[in-house]
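Visitor: from the sequence below, what's the structure:
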Amino acid sequence: MKKVLFIMTLMLIAACQCFGQTYFYKLDYFVDDNGIKSKGDGRTMYVTFINGRKMCYQSDKSGNIYQWSNGFNMIKVNEMVFEKTNSKGIHIYEELCKAWENENMFESLESSTKLGIYNAAKINGFYSYRFSNDFSRLNIVFEVRPSGLKADTQIWVRMSEESEGEDIDMY
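Guide: Numbers count the residues shown, from 1 in each chain. Next comes the predicted model:
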């Protein structure tokens, strides 16, 4: 009986590791290079964390990752890998394809796809997700491209879906 209970407990722990934690965020505002804020455009998104928050990605409400087609393959959108927590308690996640920089891409079966994604990101720049200590705020930073162009930092705020419509402006 103890052995069965132990095995069931292990199965439950393994099942919990497979499922992630999904949060709902709303774009609050943008910040440009000069620190000037502008109001967000009302976009919303879900972010799902998996593997004990070692990875996250944009998802739907159920935690299914977004994908798009590059004409040949389905590509997962913004798979982020935990990089570190800095001295201010900010959790920093970087794009998975950035981690491929130090990998021998020619050893895998997907080498041409990986190399293509990595080179495209290297030309266009890489995303970085920076979460507050309690994951209630998210800054999406687009690293400077080789051209020197930089996108505005996006500031997202976690909210419950029920409260999404509560801040509708009246004229």
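
Visitor: so where do the strands sit in the protein?
Guide: Taking DSSP state E as the criterion, the chain carries its strands at 21-31, 37-39, 44-50, 55-59, 67-69, 74-76, 80-85, 91-95, 127-131, 137-142, 153-158.

Visitor: export those strands to a markdown table and tack on mean pLDDT?
Guide: Shown next, in a markdown table, are those (pLDDT from 0 to 100):
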| stretch | mean pLDDT |
| --- | --- |
| strand 21-31 | 96 |
| strand 37-39 | 96 |
| strand 44-50 | 95 |
| strand 55-59 | 93 |
| strand 67-69 | 69 |
| strand 74-76 | 63 |
| strand 80-85 | 93 |
| strand 91-95 | 92 |
| strand 127-131 | 92 |
| strand 137-142 | 93 |
| strand 153-158 | 96 |
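
Visitor: next, format those as CSV and append mean neighbour count.
Guide: Heads up, the C-betas are built off the backbone N, CA and C, glycines and all. Below are the strands of the chain laid out as CSV (neighbours: other C-beta atoms under 10 Å):
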stretch, mean neighbour count
strand 21-31, 17
strand 37-39, 11
strand 44-50, 19
strand 55-59, 21
strand 67-69, 9
strand 74-76, 13
strand 80-85, 16
strand 91-95, 20
strand 127-131, 21
strand 137-142, 18
strand 153-158, 18
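
Visitor: end-to-end on stretch 44-63?
Guide: 14 Å (C-alpha to C-alpha, to the nearest Å).

Visitor: contacts only, for residue 140.
Guide: Residues in contact with residue 140 (C-beta atoms under 8 Å, 6 or more residues apart in numbering) are 127-130, 153-154, 156.

Visitor: nearest to residue 83 among those residues?
Guide: The shortest approach to residue 83 among the contacts of residue 140 belongs to residue 128, at 8.1 Å (C-beta to C-beta).

Visitor: my guess is that closest one contacts residue 91. True?
Guide: No. Taking contacts as C-beta atoms under 8 Å, residue 128 lies outside contact range of residue 91: 10.9 Å.

Visitor: right, I'll call it a day here.
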